[in-house]
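[1] How does the following fold in three dimensions:
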Amino acid sequence: MFRYFPLLLAILAIAACAHAEHSAPGAYLPPISIKDVQQSWDEPMTRQELARCLLFPAKTLTLTVFAGQNQSLKNREQPENKVLGIAEGFEVEYAGSELFGPPLAESASYLYRATVSSVDAQALRFQVELSGLQEGDELYVIDPVLPRAFGPYTADDALEDGRWLATTEGDWAMLVVRTPHDALPSLRLTDVAHFYRGFGEFFKELDCNINIACESNSDILDVASGVGMLVVPSAGGDQGLCTCTLVNNADTPALEPYVLTSNHCVPQVVSASEVDVIWDYRATACDTADPPALSSLPRSAGMVTLSTNSDLDITLMELESVPNGTFGRFYAGWTDRAVSAGEAITGIHHPQAMHMRISHGDILRSSVAAYPYYNQIEVLWSEGVTEPGSSGLGLLLDADGFRIIGTLSNGPLHVCGGSSNTDRFSAFRLFFPRVEGWLTGTEKPGPDEPEEELCPAEYVYKNEPEILERLRAFRDGVLSRTRLGRWLVEAYYDMAPSLAKRVQNDPEAAAAFRELTLPLAGASQSLLSSE
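    This is a model prediction of the structure:
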């Protein structure tokens, strides 16, 4: 087996060119007043319109699918990847005529209202089929806690399997249709997500989590205003919770609504447009647990996944917009420089659907293989921990002004006072070649431009999947079994971005890569079958 190592070293030599570091500083929008925040809610529906909708009784649909089951649903084991399950989805089939009662007449339109309740729910999300709406038809969902309306949703927002609306708190919410036509538009309620876990509910959260309001560093408090709580539906309608962080493109005057999170938080079977982002869910004082009602907080709806990579476990998404708030809004800086063991790091996140927490620690290893991921950053927390719900948090490098260097991917369960509370993060520096066009320069990549290949082997053998499979078998079945082999694999992935550019732009480099790797593909079957 060792006779193949010179070939691998030669491959690495192809990529041994100078790596230019890239970075961008963060950008901070000063806070706005509570009054200005609340005035921004009036855009979809005024206070007077909200009051009118809620004042008169509406036709009510009461669902009992998960009545009395919240505790048993919460007790289910959480996965190691730290996506927190918070809601159970169930299919329904209700046409508009079954949901809505007689309309309230307005000067130039009609308001149809329907109250939908799921008994014992802590919060709700509704999936609605919108394709039947006509021009001028608008759908809203009202959170009754403050109250507040979200929308309008129109036929332009329709998705093939129905559109998930904004998350509302409590066991009931109101659907409102506004139409200029004298008949109820065609729409259907197709799925309901019953949230069995309340936001801010102390269930299994570890008491060593640190309230962000206890942080004394004003720079970190500013950075925290760019950390969001990410509510994501799965293909089956269940809802999970992760953390995301706004990132900055310092080359443009605008603050683009880009967020980084982990690939496993928003799987590709889920549309980014169904993501609900909640900002500023944080306590106001260190010694209190007083997070505000969800309906009082700024929200963002997802729009599109710009780039994602399942091998690295990292995703860049664009949101429709990002509203400012009473803490301001921070767009984090980032860097693709190589990091070293011992460097201090910080994480800001939402474990167990709780109000914002902060953790401090150090890089333990700058590059570690943790199947199915490669070249992850491993950290050791010394203050605070992470839990389900923390996935996707941006790993902040203290020495570089709290710039992002990765997103939380996976790790073992933590215990308070433990000496081995470690986590593994994606490496932003390996992802950067894929997202350079959005995070640098003034011209965005066009939607039809192909995503740059991150792995040179995928480019060279893109029409020969059988060779790719043999190379992967050699990696997993041979190289991964020895320390030197693992080092070679990590070094290869470390250089993969620059090597990918090289083989794409230089036919001679591509030919040399092919000549060196074909013997490995040929050897994989014989080496593995002989064992």
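[2] in the stretch 301-450 of the chain, which spans are strands?
    314-319, 329-331, 334-335, 344-349, 357-370, 373-383, 394-397, 403-410, 422-425 (DSSP state E, counting those that start in this stretch).
[3] got the angle between the fourth one and strand 373-383?
    Think strand 344-349. Going by axes from the mean of the first three to the mean of the last three C-alpha atoms, to 10 degrees, strand 344-349 is angled at 90 degrees with respect to strand 373-383.
[4] Name the residues that touch strand 344-349?
    Residues outside strand 344-349 that contact it (C-beta atoms under 8 Å, 6 or more residues apart in numbering) are 212, 220, 223-224, 227, 243, 245, 356-363, 379, 381, 384, 386, 389-390, 393-399, 402, 405, 408. Just so you know, the C-beta spots here come from the backbone N, C-alpha and C atoms, and that holds for glycine as well.
[5] Now a ChimeraX select for only the buried ones of those residues.
    Buried residues within these, by 16 or more other C-beta atoms under 10 Å, are selected in ChimeraX with:
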select :212,220,223,224,227,243,245,356,357,358,359,360,361,363,379,381,384,386,389,390,393,394,395,396,397,398,402,405,408
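[6] So in this protein, where's the weakest helix or strand by average pLDDT?
    Here the helix or strand of the chain ranked lowest by mean pLDDT, DSSP states H and E is helix 5-14, holding a mean of 51.
[7] roughly how far apart are residue 180 and residue 135?
    The spacing between residue 180 and residue 135, counted by C-beta to C-beta, to the nearest Å, is 9 Å.
[8] Out of these two, name the residue with the larger neighbour count.
    Taking other C-beta atoms under 10 Å, residue 180 and residue 135 do not tie; residue 180 has more neighbours (13 against 9).
[9] doesn't residue 106 make contact with that one?
    No. Residue 180 sits out of contact with residue 106 when judged by C-beta atoms under 8 Å, with a separation of 9.5 Å.
[10] if I look at the residue nearest to residue 30 when sequence neighbours are not counted, how far off is residue 32?
    In space, and not counting its chain neighbours, residue 30 is closest to residue 328: 5.2 Å by C-beta to C-beta, 6 or more residues apart in numbering. In this view, residue 328 and residue 32 are 8 Å apart by C-beta to C-beta.
[11] Pull the distance from the one helix or strand residue 28 maps to to the chain's centre.
    Element membership of residue 28 [criterion: DSSP states H and E] is strand 27-29. How far strand 27-29 lies from its chain's middle: 21 Å, per C-alpha atoms, centre = their mean, to the nearest Å.
[12] Any chance you could list what contacts the helix or strand following it?
    Sequence order places helix 34-40 as the next helix or strand after strand 27-29, per DSSP H and E. Residues from elsewhere that reach helix 34-40 (C-beta under 8 Å, 6+ apart): 296, 298, 323-326.
[13] what is the mean pLDDT for helix 34-40?
    Mean per-residue pLDDT for helix 34-40: 84.
[14] ok, now stretch 161-178?
    Mean predicted lDDT for stretch 161-178 stands at 96.
[15] do the same with stretch 244-253
    95.
[16] cool, stretch 377-395 as well?
    95.
[17] What's the end-to-end length of stretch 63-71?
    18 Å (C-alpha to C-alpha, to the nearest Å).
[18] Can you mark which positions in that stretch are buried?
    Burial within stretch 63-71, assessed by neighbour count using 16+ other C-beta under 10 Å, is assigned to 63, 66, 70.
[19] which residue sits closest to the first one in space, ignoring its chain neighbours?
    Read it as residue 63. Nearest residue to residue 63, sequence neighbours excluded (C-beta to C-beta, 6+ apart): residue 118, at 4.7 Å.
[20] Please list all residues in contact with that neighbour.
    Applying C-beta under 8 Å, 6+ apart, one finds that residue 118 lies in contact with 63-66, 124, 171-172, 192, 194.
[21] repeat for residue 332
    For residue 332, the contact set (C-beta under 8 Å, 6+ apart) comprises 26, 223, 226, 245-248, 394, 396, 402-404.
[22] Repeat the analysis, applying 6 Å as the threshold.
    26, 226, 245, 247, 404 (C-beta atoms under 6 Å, 6 or more residues apart in numbering).
[23] can you pull out the helices in the stretch 151-300 of the chain?
    218-224 (DSSP state H, counting those that start in this stretch).
[24] Report the central residue of this protein.
    Centroid-nearest residue in the chain: residue 261, 4.0 Å away (criterion: C-alpha atoms, centre = their mean).
[25] burial measure for the nearest residue to residue 64 once chain neighbours are set aside, as a count.
    Take residue 64 and drop its neighbours on the chain: the residue closest to it by C-beta to C-beta, 6+ apart is residue 119, 5.0 Å away. Other residues lying near residue 119 total 15 when counted by other C-beta under 10 Å.
[26] likewise residue 153?
    Neighbours of residue 153 under the rule other C-beta under 10 Å: 23.
[27] On the strand side of things, show who the nearest residue to it once chain neighbours are set aside bridges to.
    Of all residues not flanking residue 153 in the chain, residue 139 sits nearest, at 4.4 Å (C-beta to C-beta, 6+ apart). Note on residue 139: beta-bridge partners by DSSP bridges are residue 153, residue 177.
[28] C-terminal to the least confident helix or strand of the chain, what's the next element?
    Using DSSP H and E, the helix or strand that follows helix 5-14 in sequence is strand 23-24.
[29] re the thing from before, only the buried members of the contacts of helix 34-40: can you turn that into a ChimeraX selection?
    Here is the ChimeraX command that selects the buried residues among these (16+ other C-beta under 10 Å):
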select :296,298,323,324,325,326
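[30] The contacts of helix 34-40 into a markdown table, with extra columns for pLDDT?
    Converted to a markdown table, the contacts of helix 34-40 look like this (pLDDT from 0 to 100):
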| residue | pLDDT |
| --- | --- |
| 296 | 92 |
| 298 | 94 |
| 323 | 94 |
| 324 | 95 |
| 325 | 94 |
| 326 | 94 |
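[31] now stretch 171-182: how far from the chain's centre is it?
    The answer for stretch 171-182 is 30 Å, by C-alpha atoms, centre = their mean.
[32] So for that stretch, what gets flagged as buried?
    Buried residues in stretch 171-182, counting neighbours by 16+ other C-beta under 10 Å, are found at 171-179.
[33] cool, and stretch 118-125?
    Buried residues in stretch 118-125, defined by neighbour count with 16+ other C-beta under 10 Å: 118, 120-125.
[34] again with stretch 195-203
    By neighbour count on 16+ other C-beta under 10 Å, the buried set for stretch 195-203 is 195-200.
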